[in-house]
Each structure stands twice: as C-alpha cells, then as structure tokens.
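A.B. asks: Build the 3D model from these lines:
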Amino acid sequence: QVQLVESGGGLVQAGGSLRLSCAAPGRTFSTYAMGWFRRAPGKEREFVAAISWNAGSTYYADSVKGRFTISRDNTKNTVYLQMNSLKPEDTAVYYCAADRLLYSDPYRYWGQGTQVTVFS
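C.D. replies: The predicted structure follows:
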C-alpha cells in the first residue's frame, strides 16, 4: 500500500505559477513511477504528466507541455508539479498517483487531490 498526500493547490491569477507536491511516506517510493492527473468540473479525469522511478523518463499531456514540469526527489519521497503560465482551463482537482509501470492505465495508488483554481 502506498499513501499519497498532495499539497500546494490554491487560487492563482491567469499567467501565474503554482507548485504542487506529493509526499509518499515509506521506503518504496523510489521504486514507483509517479503521475499527476486532474479532473475539471463536469469532465473526466485526464492525464497531466508522469515521471519514471529514477526520473529518467517524463512525459506530458499536450495541453500542458512547455508550461508544466514534473520532477521528483527520491531522498524526500516527494514528486512535484511546477505549473507556470496557468490558464483558467487548468482549473481542476489535481491528483498524484503511483504505479510500478510508467504507462499504466489506470495507476494503482491515488492521493485525495488538491484544488487548483485559476481566475482571469
């Protein structure tokens, strides 16, 4: 079992930045690929970004490519999502997820989510 706790969400003006964090206590964090997903009001959950266990591979949804950056610090058991040039359409609940495989669908373990609201 992997517990995931997101933080860093909030209210931000369009064009601004936020950094989300996801902490995963335990000694197995470094063996998991990590992903960020989001669910906007009235929409299906969608993939945002993912990173392999050793940060050797990352990939992004086209909608966030060039604006968002996923990273991880295995010494702190934490994965991050740096979000720049935010747009109102980025408003959603953002979820952190973990799985043994980078391209799993769906990921096995999920956090509770953190709200991001972008206003114009």
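
A.B. asks: What is the helix or strand hosting Glu46 packed up against?
C.D. replies: In this assignment (DSSP states H and E), Glu46 forms part of strand 45-51. Secondary-structure packing of strand 45-51 (3 or more Cβ pairs under 8 Å, 6 or more residues apart in numbering; DSSP states H and E): strand 33-39, strand 58-60, strand 68-73, strand 78-83. Every C-beta, even on glycine, is put in place using the N, C-alpha and C of the backbone.

A.B. asks: number of nearby residues for the closest residue to Trp110 other than its chain neighbours?
C.D. replies: In space, and not counting its chain neighbours, Trp110 is closest to Ala97: 5.0 Å by Cβ to Cβ, 6 or more residues apart in numbering. When counting by other Cβ atoms under 10 Å, one arrives at 24 neighbours for Ala97.

A.B. asks: re earlier: for the strand holding Glu46, what is the average pLDDT?
C.D. replies: In this model, strand 45-51 has an average pLDDT of 98.

A.B. asks: what angle sits between that strand and strand 78-83?
C.D. replies: Taking axes from the mean of the first three to the mean of the last three Cα atoms, to 10 degrees, one finds strand 45-51 and strand 78-83 inclined to each other by 110 degrees.
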